[in-house]
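Novice: Structure for the following, please:
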Amino acid sequence: MEINKTEIEGLLIFTPRKFEDDRGYFFESFNQSIFDEATNNKFSFVQDNQSFSKKGVLRGLHFQNPPFAQGKLVRVIKGAVLDVAVDIRKDSKTYGKYVSIELSEENNKQFWIPPGFAHGFITLEDDTIFSYKCTNYYAPQSEGTILWSDIDLNIDWKLKPIFVSDKDEIGTEFCNFATQF
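Specialist: Residues are numbered from 1 along each chain as shown. Next up is the predicted model:
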């Protein structure tokens, strides 16, 4: 498994070795010991989630506040997304900056987003299946949403969203956001 750091500390990209032959392919999608070494043994997963979306669905930018903060290891099983993580750690030198990466069934990349980041994605293909492992259980009372189209964040989503939930359309503007991280 190849592990790459991003320009924002804590965000990691995992790319598994894929073995292909006439029968198809095989790859190890998760290995706890490799993950522990990459993240200094800090995290374990308690919940797996999966979504199915049409092309142009935007979900995010979501996070959970402490004490229910979540880290997420995300990947695409079918289709493709542009995945985005925004640093909301107030003492970070990259506070308010973001990293985006394309995740697809073709590249098999996985994106590690630790607690302290808002997360969102837009589907680039129809019938996209998105999967994520979470380090904490979903706690609706702790959930927050930053406006995906915030002009201060200036995220390049690569395409105009066709479907956005009502909740995501009224997320908090970043200039009015008070982080708990």
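
Novice: Tell me which stretches of this structure form helices.
Specialist: Secondary structure of the chain (DSSP state H): helices at 32-38, 166-169.

Novice: Dump the ones you listed to a markdown table, plus mean neighbour count and mean pLDDT.
Specialist: Backbone N, C-alpha and C define where each C-beta goes, glycine included. Shown next, in a markdown table, are those (neighbours: other Cβ atoms under 10 Å; pLDDT from 0 to 100):
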| stretch | mean neighbour count | mean pLDDT |
| --- | --- | --- |
| helix 32-38 | 14 | 96 |
| helix 166-169 | 12 | 96 |
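
Novice: List the beta-bridge partners for the most centrally placed residue in the chain.
Specialist: Nearest to the mean C-alpha position of the chain, counting by Cα atoms, centre = their mean, stands H119 at 4.9 Å. Beta-bridge pairing of H119 under DSSP bridges involves H62, A85.

Novice: Can you say which of the helices of the chain is nearest to Q110?
Specialist: Q110 lies closest, by Cβ to Cβ, to one member of these: helix 32-38, at 9.6 Å.

Novice: what does that closest one contact?
Specialist: Counting contacts by Cβ atoms under 8 Å, 6 or more residues apart in numbering, the residues outside helix 32-38 that touch it are 1, 3, 12, 14, 43, 73, 112.

Novice: Just the buried residues of these.
Specialist: Those of the contacts of helix 32-38 that meet the buried threshold are 12, 14, 43, 73, 112, by 16 or more other Cβ atoms under 10 Å.

Novice: Between all of those residues, which two are separated the most?
Specialist: Spatial extent of the buried ones among the contacts of helix 32-38 (Cβ to Cβ) is set by the pair F14 and F43 at 13.2 Å.

Novice: For stretch 40-53, buried residues please.
Specialist: Residues 43, 45, 53 are the ones in stretch 40-53 that count as buried (16+ other Cβ under 10 Å).

Novice: Out of these, which sit inside strands?
Specialist: Restricting the buried residues of stretch 40-53 to those inside strands, with DSSP state E as the criterion, leaves S53.

Novice: what's the closest of the buried residues of stretch 40-53 to T179?
Specialist: F43 (20.2 Å).

Novice: what number of residues lie near the closest residue to that closest one other than its chain neighbours?
Specialist: Nearest in space to F43, with sequence neighbours left out and distances taken as Cβ to Cβ, 6 or more residues apart in numbering, is T135 at 4.9 Å. Residue crowding around T135 was assessed by other Cβ atoms under 10 Å; the count is 18.
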